[in-house]
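> A predicted structure for the sequence below; I have some questions about it.
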Amino acid sequence: MAHYGMTPSRNNPGVAHENGSIESPHGHLKSALKDELLLRGSTDFDDLDAYRRFVDLIVGRQNAHNRKRIELETPSLGKLPKRRTADFEEKCVTVTRSGGFMLNRVFYTAPSRLIGHRLRVRFYDDRLECFLGSTHMMTVRRGEPVSDSKGGHVVDYRHVIHALRKKPMALLNLVYRDQLFPRRAYARVFDALLAAAGDRRACKTMVELLALAHDRTCEAELAEALDADVDAGRLPDLAFLRAYFGPDPASVPLIDVEVVPLSAYNELAAVVAVAATPALQVAA
């Protein structure tokens, strides 16, 4: 306000019509988005960026009606501030022994090395930036509570996989189990394992599959293989998958280490002794 030489004011509590100049355009925008989605025939988008491009197109189309008035006012606009305003809230949280932290009724997992540490979290509209002191530790997407009575979960399986390998049966009744699987293929395989192999084997195999995806960095490729197994009506072969996604023996170089014989050190001792002899004679 000070930068643009403006005086802020507040609306009167309980006087709804004072918000009309703001709420009315919001209502028109929501109606336009709803109509465009109906014409599109689907509310599914490939990712968040695709949805944002869709919204930008609708907003740009509506703003085109005001282009002439904007062009008239553009020469009178002042310069932008030197720094952008903070578009985030900052909060402090502690990573608990369960390997995560609660923020606005949503549980977020964190790497086990951060357990017991206090993080400074920048709370954006779509993500969380977590800092330990001034060091950036991780970025996670922002989650939302499921309902007024039930919180939400944002889970990265890579944060908890090492603990699950010690107690694989914990996967069976894990509160955030559905959010743990990084892709739909992993959930399908787990359901197939539960139906055909029993709880104990299903949990152990599923945890090892997640560990394989983490250790070999093959999450997407492994998901394709698991989808193929489920579509073919067979259970995944863990030994085969480990060999398939393991390192290629031909790509690992053979290094021949030549061990130096200990007798070589005797030659070094002799050189030192010869070099020290004249000094001894001078001292004498």
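Yes, it's here. Numbers count the residues shown, from 1 in each chain.

> helix/strand/coil for the most centrally placed residue in the chain?
Nearest to the mean C-alpha position of the chain, counting by Cα atoms, centre = their mean, stands residue 140 at 4.2 Å. Classification of residue 140 using DSSP: H, G, I helix; E, B strand; the rest coil returns strand.

> next: the one 4 residues further on.
Secondary structure assignment for residue 144 (three-state DSSP): coil.

> re the thing from before, contacting residues around the residue nearest to the centre of the chain?
Residues in contact with residue 140 (Cβ atoms under 8 Å, 6 or more residues apart in numbering) are 108, 127-128, 130, 154, 156. The C-beta positions use only the backbone N, C-alpha and C, and glycine is treated the same way.

> go again using 7 Å as the cut-off
The contact partners of residue 140, taken as Cβ atoms under 7 Å, 6 or more residues apart in numbering, are 108, 127-128, 154.

> give the bridge partners for it, please.
Residue 140 forms beta bridges with residue 128, as assigned by DSSP bridges.

> out of the helices and strands in the protein, which is least certain?
helix 264-283 (a mean of 60; mean pLDDT, DSSP states H and E).

> residue 10 in helix, strand or coil?
Quick answer, by three-state DSSP: residue 10 is coil.

> on that earlier part again, quick one: the residue nearest to the centre of the chain from residue 98, how far?
16 Å (Cβ to Cβ, to the nearest Å).

> cool, and residue 129?
As judged by Cβ to Cβ, residue 129 and residue 98 stand 22 Å apart.

> neighbour count winner among these two?
Higher neighbour count among residue 129 and residue 98: residue 129, with 17 against 13, using other Cβ atoms under 10 Å.

> residues near the closest residue in space to that one that isn't next to it in sequence, how many?
Spatially, and ignoring its direct neighbours in sequence, residue 129 is nearest to residue 122 (4.2 Å; Cβ to Cβ, 6 or more residues apart in numbering). Look at residue 122: counted by other Cβ under 10 Å, it has 17 neighbours.

> for the strand or helix carrying residue 122, packing partners?
Per DSSP states H and E: residue 122 is located in strand 118-123. Counting contacts by 3 or more Cβ pairs under 7 Å, 6 or more residues apart in numbering; DSSP states H and E, strand 118-123 packs against strand 89-94, strand 127-132.

> if I look at residue 267, how far off is residue 260?
11 Å.

> show residues contacting whichever strand or helix holds residue 53.
In this structure, residue 53 sits in helix 48-63 according to DSSP H and E. Under the criterion Cβ under 7 Å, 6+ apart, residues 29, 32-33, 36, 45 lie in contact with helix 48-63.

> so where's this structure shaky on pLDDT?
16, 20, 248-251, 269-284 (pLDDT under 70).

> got the domain boundaries for it?
Under automatic domain parsing, the residue ranges defining each domain of the chain are 24-65, 89-154, 157-251.

> output the contacting helices and strands for the helix or strand containing residue 213.
Secondary structure assignment for residue 213, by DSSP H and E: helix 199-215. Contacting helix 199-215 under the criterion 3+ Cβ pairs under 7 Å, 6+ apart are the following elements: helix 157-166, helix 184-197, helix 219-231, helix 238-244.

> buried ones in it, by neighbour count?
202-214 (16 or more other Cβ atoms under 10 Å).

> cool, stretch 118-129 as well?
Buried residues in stretch 118-129 (16+ other Cβ under 10 Å): 119, 121-122, 128-129.
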